[in-house]
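Student: let me see the structure of the following:
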Amino acid sequence: MEDLSLHILDIAENALNAGASLIEIEVMDHPGGNTLQITVRDNGRGMHEDMVKKVWDPFVTTRTTRRVGLGLSLLQQAAQQGGGRFHVTSEPGRGTEVRAEFQRDHIDRKPLGDMGATLVSLISGNPDVNFIFKSNYDGQEIELDTREIRLQLGETVPINSPPVLHLIKDLLGEYKG
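Tutor: Next comes the predicted model:
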C-alpha cells in the first residue's frame, strides 16, 4: 500500500467484516512533537487474546474466505519502517483498537494520503454504519460524525447520495496530513 489512508481503509473494512456498527478513525499529527498517530476503533466482534497475539502473522486471519491476512502485518511493517510502533487491543464482544505511531519526519514514513477519498469510500459503501473521523493537525481539529450528518439530512436524503458525499469530500478538503 502506497499511503497510510489505504491501510486505514483496510482496517476499517476488517471492522465492517467483524460486524461493527461504529468505526472511529483518529489521525493525530503533531509536527512539533514529531509524531503521527493513527487509531481505528470499532465495536465489532473483537478477538480473543490468543488471536491478538497472532495478528502480526500474515498467514493468520479470522476470515473464512481466505487463508492470509496481510493488512495488519503490512501496517505494522509501515509503522516500524517509519520509526514508530504498532499496537492492537481487542476484547470479544466489545471490539478492536488498532494504533500505529510514526516518527513524522522519518524518511521512510509513508504519506498519509487522501483521507477524504477514504472516508467517502467507506460511507458510500456502508451508509448504515456510523463513522467518526477526528483529526488534529498541530492543534487544528476536524471532526466528522455520520450520525450528526444523518440528523441534519433527515429521512429524505440518504447519506450516500452523490451531493452529500461531495459535501463530505469538500468538508475534509484535500486533507492529507
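Student: off-centre distance for the lowest-mean-pLDDT helix or strand in the chain?
Tutor: When the helices and strands of the chain are scored by mean pLDDT, DSSP states H and E, helix 49-52 comes last with a mean of 84. Its chain's C-alpha centre and that of helix 49-52 lie 21 Å apart, by CA atoms, centre = their mean, to the nearest Å.
Student: begin at 171 from here
Tutor: All set: I'll call the first residue 171, so the last point we hit is now helix 219-222.
Student: now do the same for Glu172: helix, strand or coil?
Tutor: Under DSSP: H, G, I helix; E, B strand; the rest coil, Glu172 falls in the coil class.
Student: and it, how far from His336?
Tutor: Using CB to CB, to the nearest Å, we find Glu172 at a distance of 25 Å from His336. Where C-beta positions appear, they are placed from N, C-alpha and C, glycine not excepted.
Student: tell me what the helix or strand where Gln207 lies is packed against?
Tutor: Per DSSP states H and E, Gln207 falls inside strand 205-212. If contacts are counted by 3 or more CB pairs under 8 Å, 6 or more residues apart in numbering; DSSP states H and E, strand 205-212 sits against helix 174-187, strand 192-200, strand 265-273.
Student: given that strand, what are its sheet partners and their directions?
Tutor: Here strand 205-212 is paired, per DSSP bridges, with strand 192-200 (antiparallel), strand 265-273 (antiparallel).
Student: could you export the helices and strands packed on strand 205-212 to CSV, including columns for mean neighbour count?
Tutor: Below are those laid out as CSV (neighbours: other CB atoms under 10 Å):
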stretch, mean neighbour count
helix 174-187, 22
strand 192-200, 20
strand 265-273, 21
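Student: nearest to Ala287, of these?
Tutor: Each of the helices and strands packed on strand 205-212 has some distance to Ala287 by CB to CB; the shortest is helix 174-187, at 7.3 Å.
Student: just want the angle from that closest one to strand 192-200.
Tutor: 160 degrees (axes from the mean of the first three to the mean of the last three CA atoms, to 10 degrees).
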